[in-house]
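1. Give me a model of this one.
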Amino acid sequence: MSITRQNLSIIIVSYKSEHVIENCINSVDNQIKIIIIENSNNEEFKKNIEKKYSNVKCILSPENLGMGAGNNLGIKNIKSDFAFILNPDVNLEKDSLDIIFDASKNINDFGILAPISTKEKYPNYQLEKKTEFDPNKPFRVKSVDGFAMILNLNRLRKIENFEFFDENFFMYLENDDLCKRLTQKNENIYIIPKSKINHLGGEAVNPKYEKEIEYSRNWHWMWSKFYFNKKHYGYLIATTKVL
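-> Numbering: from 1, shown residues only. As a prediction, this is how the structure comes out:
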């Protein structure tokens, strides 16, 4: 099954991201449904964003769920076959989605597809090993960053006892965990290199909250790193990774 405007929904988990999220929304075709999980419980934001964009639905969370649980809440509230997980500080370049739609017609075995970041020094993917690939054709990868990834829900929902995002990850590495579990089940992950996105990186939260958020980021990075390694490699290795 290929991806189309009709069977794709975009999920954006946000937290006080009013200063960037409209640029993200504006870069998306208005025929595509967008669901925002707003973790700040900001009723004014919900009212304004739904009034301005007819294709946007905003769900307010009474508490900050973080990325893992926020994405899961978004998935539970859509019925589409595919979910595009998108950060509020990401903008799609022109034709990015059309390129993905076309590419999906020729790839039948994917669990995840992702566009490529324009920041070449900071690739949004990891290769299994150093391999040669055609930069103009889709290529398989070990994992992709969570700020822009399309989940094949129609396929993944058929995996027995499969959970999407591990909600123990509040921030960071929830995407690596998901990709690792999928590859263990022989699901394929592809980058579509002609489909490009711009990721501001670290600018999803309003700058006036930056100091508060920075402390939170540091703590959650260490926790996520420990939890990821403990989950997949054991307690002893996890301990050495964070020391």
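2. can you confirm residue 83 is in a strand?
-> Yes - assessed by DSSP: H, G, I helix; E, B strand; the rest coil, residue 83 belongs to a strand.
3. now residue 175: how far from residue 151?
-> Separation of residue 175 from residue 151 (Cβ to Cβ, to the nearest Å): 11 Å. To be clear about C-beta, it is placed using only N, CA and C from the backbone, and glycine gets the same treatment.
4. Sorry, slip of the keys, the one I care about is residue 42.
-> Taking Cβ to Cβ, one finds residue 42 at 26 Å from residue 151.
5. Which helix or strand in the chain has the lowest average pLDDT?
-> The weakest-scoring helix or strand in the chain, judged by mean pLDDT, DSSP states H and E, is helix 210-233 (a mean of 81).
6. does the residue lying closest to residue 70 once chain neighbours are set aside have beta-bridge partners, and which?
-> Nearest residue to residue 70, sequence neighbours excluded (Cβ to Cβ, 6 or more residues apart in numbering): residue 13, at 3.6 Å. As for beta bridges, residue 13 partners with residue 37 under DSSP bridges.
7. what sits against residue 13?
-> Listed by Cβ atoms under 8 Å, 6 or more residues apart in numbering, the contact partners of residue 13 are 36, 37, 39, 65, 67, 70, 71, 74, 87, 88.
8. closest to residue 225 among the residues you listed?
-> Set against residue 225, the nearest of the contacts of residue 13 by Cβ to Cβ is residue 67 (14.8 Å).
9. pretty sure the closest one contacts residue 146?
-> Yes - under the criterion of Cβ atoms under 8 Å, residue 67 is in contact with residue 146, at a separation of 6.8 Å.
10. Quickly list what's touching both of the two.
-> Common contact partners of residue 67 and residue 146 (Cβ under 8 Å, 6+ apart): residue 174.
11. partner strands of the strand ranked longest in the chain, parallel or antiparallel?
-> As assigned by DSSP state E, the longest strand anywhere in the chain is strand 188-199. Paired strands of strand 188-199, with direction, are strand 90-92 (antiparallel), strand 110-117 (parallel), strand 139-140 (antiparallel) (DSSP bridges).
12. Assign a three-state SS to residue 149, would you?
-> Look at residue 149: counting by three-state DSSP, its state is strand.
13. and the gap between it and residue 87?
-> Distance, residue 149 to residue 87, by Cβ to Cβ: 10 Å.
14. Just give the number of residues close to residue 219.
-> The tally of other residues near residue 219 (other Cβ atoms under 10 Å) stands at 12.
15. Make residue 1 into 45 and carry on from there
-> Will do, 45 is the new start, and the previous item becomes residue 263.
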